[in-house]
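A.B. asks: Provide a 3D model corresponding to the input given below.
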Amino acid sequence: MAGVHQTIDLDDADLREALARLDGALRDMTEPMDAIGAALVASTPLRFEDQAGPDGEPWAPWSEEYARRRRRKDPDARLLQLFGHLRSSLTHDPGRDSVTYGSNLVYAAVQQLGDAHIPARPYLGIDDDDREMIAETLKAWIAEVLQ
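C.D. replies: As a prediction, this is how the structure comes out:
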């Protein structure tokens, strides 16, 4: 019994062009990194309101002695919010394939990581909402590049 075959030629020029655009765009992702950094700077202050780290763990409370002194001066005092300098110092620096965000204040690292006298109260990091924002930002950027 004789067989029948048909050949189908695929014109993949459009696909190759789109992949070339994407390859070129991936060499400098400063634009989406800037958007991601700005969004992280905007979402981080929510942790100051929640008084919890990006993992949802509540920050360690003040020592009893310090809490007594602070509350005498300000009954509504909250962790990491004496003058709001740490919260308002957050910035970001986008690069070609990454973004750095945080604070350049001298005491910022001690608050984030803790030391011998102060417990860590992590305010920097990525939570589930941030992960979703990052994914959506990158998807939108890739879609724009491929148009």
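A.B. asks: low pLDDT regions in this protein?
C.D. replies: For the chain, the stretches flagged by pLDDT under 70 are 1.
A.B. asks: longest helix anywhere in it?
C.D. replies: Longest helix of the chain, by residue count under DSSP state H: helix 128-146.
A.B. asks: which helices and strands sit right next to that helix?
C.D. replies: helix 13-26, helix 30-43 (3 or more Cβ pairs under 8 Å, 6 or more residues apart in numbering; DSSP states H and E). Yep, even glycine has a C-beta here, placed from its N, CA and C like the rest.
A.B. asks: Next, the angle from the last one to helix 128-146.
C.D. replies: Same thing as helix 30-43. Orientation of helix 30-43 against helix 128-146 (axes from the mean of the first three to the mean of the last three Cα atoms, to 10 degrees) gives an angle of 160 degrees.
A.B. asks: Just the CA coordinates for helix 30-43, please, in CSV.
C.D. replies: This file holds the C-alpha atoms of helix 30-43, laid out as CSV (Å, rounded to 0.1, in the frame of the first residue of the first chain):
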residue,chain,number,x,y,z
THR,A,30,16.9,48.9,33.5
GLU,A,31,13.4,50.0,32.7
PRO,A,32,11.6,47.1,34.4
MET,A,33,14.2,47.1,37.2
ASP,A,34,13.4,50.8,37.9
ALA,A,35,9.6,50.0,38.0
ILE,A,36,10.2,47.1,40.4
GLY,A,37,12.5,49.1,42.6
ALA,A,38,10.0,52.0,42.8
ALA,A,39,7.2,49.5,43.7
LEU,A,40,9.4,47.9,46.4
VAL,A,41,10.1,51.3,47.9
ALA,A,42,6.4,52.0,47.9
SER,A,43,5.4,48.7,49.5
